[in-house]
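Q: Prediction below, plus the sequence it came from.
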Amino acid sequence: MDALLAELTAVVGAEHVLTDPDVTAGYTTDWTRRFRGVARCVVRPGDTGEVAGALLACARHGQPVVPQGGNTGLVGGGVPPAGGAVVLSARRLRTLDPVDTLAAQVTAGAGVTISGLRAHAAAAGLEYGVDLAARDSATVGGTIATNAGGIQTLRYGPTRAQLLGLEAVLADGTVVSRLGGIQADNTGYDLAQLLAGSEGTLGVITAARLRLRPASPPTLTLLAGLPGIEAAAALAAQVSSLPGEVRAAEYFEAAGLALVRAHAGLPAPLTQDHPAYLLVDAAASEDDAERMVALPDLRDAAVAMDAQARARLWAYRERHTESISAAGIPHKLDVALPAARLAAFRVALDEVMAKLDARAIVFGHIGVGNLHVNVLGPGPHDDSADDAVLRLAAEHGGTISAEHGIGRAKASLLHLSRSAAEIAAMRAVKHALDPAGLLNPGVLFVP
Ligand code: FAD
Ligand code: MLT
Ligand code: ZN
């Protein structure tokens, strides 16, 4: 056995150092199937001490490491490159402390899934603010590392807004830990916030102290058929301005709905077909709900008040990702635009697709200006659509990543959203914490 594998085995035990390609395949290909790489091995530490030991061994051997959680990331950041790396899976770090109901906080291990965390909070009468369709696999560590958004970003903000502190292991095995949950804490750099959105390039997150919210489950789901994106953005703004707490305002179009219906075998959601749809979740009193459904722009709409009927409407939105993947390997381009530029971007996108002989399935979190542009047609290694769509977003005053991160997919285009000075400062932080560049090389920055 080579020296590194022997050292890793000494740290975590032979059972948790995986080398058989049949076993490691699930760790080396991403969820979309667009990104694949080579794992020298997959190491699965069971606690923070073992993470530190594994990173120290890799550092001694100059071995690049790719941290991985649930492997639901959509920008290729959690799988190794073709040149090979050790994959460090954090999935066994599943400690979940009792909820601190007085502070409305909890400490969770990096490998806890979002659905596990949400269920744990719910059992204490509280809610974790982040929710996403990948909830059964996506982990606390992965969602912090990508600063994941999701369907409730409109109400509670992205993952970083839930983050009060964390524990992480740096590339040289040093453990940094701040899990006290003191909200009034003004003692210098906020390392937790620095690691949020760092995509595994600064440290391996092992646990986090997270803010919880009072549970106020949505009471109403509304699906409206509309003439286009402009009407959807306008209606989203209108419902948000009414009394009643809007939790989600989600967008999809006829092309995506057709894929979902074909893949999932679902009936048409409304009496007529429409070019665009807006799905709204609200925690509203009966009076507020009545005011919402009486809006004159709701010409063709379905309203659901009980859990089963609400889930039926949500399926049209939540099943987009799997339905698109069933139609091909998509180029997943996750952009956000100022509300006033959404319509112009959408028109220009069709022109770009026509030139590339490709098609775009567009949906997303329109309440925060976030559109998921899923391009079908170009092969996995043809980046022309990525390049054209992300440039288009930047030209329209938008960002090239709203919630999925930069990963390997967009590293060469980071300059479209960040200035040279910002990138230099980010690289300086990376160099200070990981001078040998061992954590996730090729992610966020081109090496
Ligand atoms: P992984 O995919 O394993 O890793 C993602 C990144 O985080 C990689 O760069 C990896 O190196 C790093 N990382 C993982 N764990 C750690 C750790 N412990 N320490 C340091 N770095 C780490 N995303 C959204 O933002 N909003 C959505 O609504 C949403 N919906 C989705 C729906 C579906 C069906 C799918 C498949 C994906 C969706 N995603 C969404 C994308 C994905 O779920 C998120 O990016 C999520 O945060 C990834 O978590 P993960 O645990 O799977 O991380
Ligand atoms: C979503 O909002 O459903 C996700 O971000 C996943 C995707 O973009 O496919
Ligand atoms: Zn999303």
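A: Looks like it came in fine. Ligands and ions are numbered 1, 2, ... in the order given.

Q: Tell me how far the residue nearest the centre of the chain lies from ligand 1.
A: Centroid-nearest residue in the chain: A148, 3.6 Å away (criterion: C-alpha atoms, centre = their mean). Going from A148 to ligand 1 by C-beta to the nearest ligand atom, to the nearest Å gives 3 Å. From N, CA and C alone the C-beta is placed, and that goes for glycine too.

Q: Enumerate every residue touching that residue.
A: 130, 132, 138, 142, 158-159, 403 (C-beta atoms under 8 Å, 6 or more residues apart in numbering).

Q: Selecting buried members of the residues you listed in PyMOL, what would you type?
A: Buried residues within these, by 16 or more other C-beta atoms under 10 Å, are selected in PyMOL with:
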select buried, resi 130+132+138+142+158+159+403
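
Q: nearest to G437, of the contacts of A148?
A: G142 (21.3 Å; C-beta to C-beta).

Q: Report the secondary structure element holding that closest one.
A: Here G142 sits within helix 140-145, counting by DSSP states H and E.

Q: Which helix or strand lies directly C-terminal to that helix?
A: Next element after helix 140-145 (DSSP H and E): helix 153-156.

Q: how distant is that next one from the center of its chain?
A: 14 Å (C-alpha atoms, centre = their mean, to the nearest Å).

Q: Equivalent analysis for stretch 130-147, please.
A: 6 Å.

Q: is the helix holding G142 anywhere near ligand 1?
A: Yes: residues of helix 140-145 contacting ligand 1 under C-beta under 6 Å from any ligand atom: 141-143, 145.

Q: same thing with stretch 281-295?
A: No: legend: contact between stretch 281-295 and ligand 1 by C-beta under 6 Å from any ligand atom is lacking; minimum distance shown is 13.5 Å.

Q: how about the closest residue to D136 other than its chain neighbours, secondary structure?
A: Using C-beta to C-beta, 6 or more residues apart in numbering and skipping the chain neighbours, the partner closest in space to D136 is S115 (4.9 Å). Following DSSP: H, G, I helix; E, B strand; the rest coil, the label given to S115 is helix.

Q: Is S115 in contact with A133, as I believe?
A: No: the criterion here is C-beta atoms under 8 Å, and S115 misses it with A133 at 10.6 Å.

Q: could you pull out the helices for the stretch 51-200 of the chain?
A: Assigned by DSSP state H, counting those that start in this stretch, the stretch 51-200 of the chain shows helices spanning 114-123, 140-145, 153-156, 191-195.

Q: Now render those helices as JSON lines, adding distance to R40 and mean pLDDT.
A: Shown next, in JSON lines, are the helices of the stretch 51-200 of the chain (distance: least, C-beta to C-beta, whole Å; pLDDT from 0 to 100):
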{"stretch": "helix 114-123", "distance to R40": "29", "mean pLDDT": "98"}
{"stretch": "helix 140-145", "distance to R40": "21", "mean pLDDT": "99"}
{"stretch": "helix 153-156", "distance to R40": "36", "mean pLDDT": "96"}
{"stretch": "helix 191-195", "distance to R40": "25", "mean pLDDT": "98"}
